[in-house]
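Asks: When you get a sec, could you give me coordinates for this:
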Amino acid sequence: MKPELRFNAFTMNCIGHQSPGLWTHPRCRSTQFNTLAYWTDLARILERGLFEGVFLADVLGVYDVFGGSADAALRAATQVPAGDPMLVIPAMAMVTSELGFGVTSSLSYEPVFPFARRMSTLDHLTGGRIGWNIVTSYLDSAARAAGQQRQRAHDDRYDVAEDYMQAILALWERSWEDRAVLRDTARGIYADPARVHRIRHDGPHVQLDAIHLQEPSPQRTPVLYQAGSSPRGREFAARYAECVFVSGPTAAIVGARADAIRALARAAGRDAAAIRCFSLATVIVAETDRQAQDLQQEYRAHVSHEGALALMSGWTGIDLSRLPLDQAIRHVENDAGRSALDNITRADPDRRWTVRDVAEHVGIGGIGPVFVGSAASVADQVEGWAAESGIEGFNLCQVVAHETFEAVGRWLVPELQRRGRFKRSYRPGTLREKLGGAGPGRRRVEN
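Replies: Numbering: from 1, shown residues only. Below you'll find the model as predicted:
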């Protein structure tokens, strides 16, 4: 029997996430992103559709590479304005009981000690449904906003990440023993001091001397997500990640990246089968193929090509405004996102991407595939992509909020259930247990 597929909703606390300009569509709700109702409605839709979780992207900084300014991003609302992704999670958790929450936070700009407490608090408040997408950031504008001249060199950021992980995992896993919390009302003792330990870490980038402020949460350590596909990113994922977000324009590219991470994990002594790989994708599904195709054309009329190029310029570090629309994009070494540039230069030697191609392709769903059709047609495409790439699930972008995810739950999920490829109910337990990981009382990570 073929394994069940998993869906995460890939979104961001902003107006224009991966489909620049679609906020102008008359049915799109994304301009309401600053309201609680927007997020609670989304959470209910996703849980009804049996999505594994909501995967919240984030950036610190603005997309100001295109044209040398943030003007294009501001005009198109391309990931700006953007709110704090963590603050919407408690509201979504309040109206759901099973939906997981993977939140992006950059370790480059988050001090270890308060961040460890914030994540433990969220894990408590959600009943063990929290995950952390570990990123190191890729925008110079974020570094300048943090008082630095520019971001660290690409590989140096992963040196910092290694040090950071050693410190934060020690806080989550070793500061409080499993039996430290007594809640002994008769003796008036809440916690046993002998079982609470001070963590001392004196690394090259992180120094720490502290007791973790929160008692152990249901998962202790959040589910660890990671989205880097560069060689250093893959090495990092192989050491720490439980779920890996792999993007690419073809299943072959995605599959090669997923296989490389699993091979590195095996070399590091990990069970590679325990790493869940999620592929970026966008689904436009309707009752018939023709209706879905018409819907895609309707959506394309709202794409901001300038916003798409602003997005891709930020991802790659290349100012695409300086290139003619029909010029092929070539690879250069810089400190932006390596995988985004590889996607349109080296990853697929049979494809020649021009600036015009990028503007059109990124306009809906970013750099991933767009599956269009009836439930049966899209199910065929989803199954085919999973089979060729070897991934376990998809991080699905929304084109029009919340229409895209409602349609997935209405049309695609029942079809996949009929084929035995999608769950009919949630697995009990924490997010880690729902994903097939270890239960309470066992250490999930080593450091």
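
Asks: low-scoring pLDDT stretches of the chain, where are they?
Replies: For the chain, residues meeting the criterion pLDDT under 70 lie at 154, 228, 332-350, 439-447.

Asks: hmm, 80 instead?
Replies: Segments of the chain classed as low confidence (criterion: pLDDT under 80) are 1, 137-138, 149-155, 228-230, 330-351, 438-447.

Asks: Show me the helices in the stretch 101-250 of the chain, by range?
Replies: Taking DSSP state H, counting those that start in this stretch as the criterion, the stretch 101-250 of the chain contains helices spanning 112-125, 140-145, 154-174, 231-240.

Asks: shouldn't Trp315 be in contact with Gln79?
Replies: No - taking Cβ atoms under 8 Å as the definition, Trp315 is not a contact partner of Gln79, at 10.6 Å. Using the backbone N, CA and C atoms, a C-beta is placed for each residue, glycine as well.

Asks: Looking at the two now, which is surrounded by more residues?
Replies: Higher neighbour count among Trp315 and Gln79: Gln79, with 26 against 23, using other Cβ atoms under 10 Å.

Asks: Name the nearest residue to the more buried one, sequence neighbours excluded.
Replies: Counting by Cβ to Cβ, 6 or more residues apart in numbering, Gln79 lies nearest to Cys14, which is 5.2 Å off, once chain neighbours are set aside.

Asks: repeat for Ala258
Replies: Using Cβ to Cβ, 6+ apart and skipping residues adjacent in sequence, the residue nearest Ala258 is Cys277, 4.3 Å away.

Asks: Tell me if I am right that that neighbour is in a helix.
Replies: No - if the criterion is DSSP: H, G, I helix; E, B strand; the rest coil, then Cys277 is strand and not within a helix.

Asks: what about it, neighbour count?
Replies: What Cys277 shows, counting by other Cβ under 10 Å, is a neighbour count of 23.

Asks: In this structure, mark out all the strands, start to finish.
Replies: 6-12, 53-57, 100-106, 130-135, 181-184, 189-191, 199-202, 207-210, 223-226, 243-246, 276-286, 370-374, 393-397 (DSSP state E).

Asks: Let me have these in a markdown table, extended by distance to Ala145.
Replies: Shown next, in a markdown table, are the strands of the chain (distance: least, Cβ to Cβ, whole Å):
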| stretch | distance to Ala145 |
| --- | --- |
| strand 6-12 | 18 |
| strand 53-57 | 18 |
| strand 100-106 | 11 |
| strand 130-135 | 16 |
| strand 181-184 | 39 |
| strand 189-191 | 39 |
| strand 199-202 | 27 |
| strand 207-210 | 23 |
| strand 223-226 | 23 |
| strand 243-246 | 24 |
| strand 276-286 | 26 |
| strand 370-374 | 33 |
| strand 393-397 | 26 |
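
Asks: Buried deepest among the ones you listed, which one?
Replies: Of all the strands of the chain, strand 243-246 carries the top mean neighbour count, a mean of 28, counting by mean count of other Cβ atoms under 10 Å.

Asks: re earlier: for the residue nearest to Ala258, what are its contacts?
Replies: Cys277 sits next to Cys243, Val244, Val246, Ala258, Ile261, Arg262, Ser389, Gly390, Ile391, Glu392, Gly393 when contact means Cβ atoms under 8 Å, 6 or more residues apart in numbering.

Asks: what does Trp411 give?
Replies: When the contact criterion is Cβ under 8 Å, 6+ apart, the partners of Trp411 are Val285, Ala286, Glu287, Ser374, Ala375, Val378.

Asks: returning to that earlier point: out of the strands of the chain, the one nearest Ala70 is which?
Replies: Using Cβ to Cβ as the criterion, the shortest distance between Ala70 and the strands of the chain is 16.7 Å, found for strand 6-12.

Asks: quick one: strands adjacent to that closest one?
Replies: Sheet neighbours of strand 6-12, with direction, are listed as strand 53-57 (parallel), strand 393-397 (parallel) (DSSP bridges).
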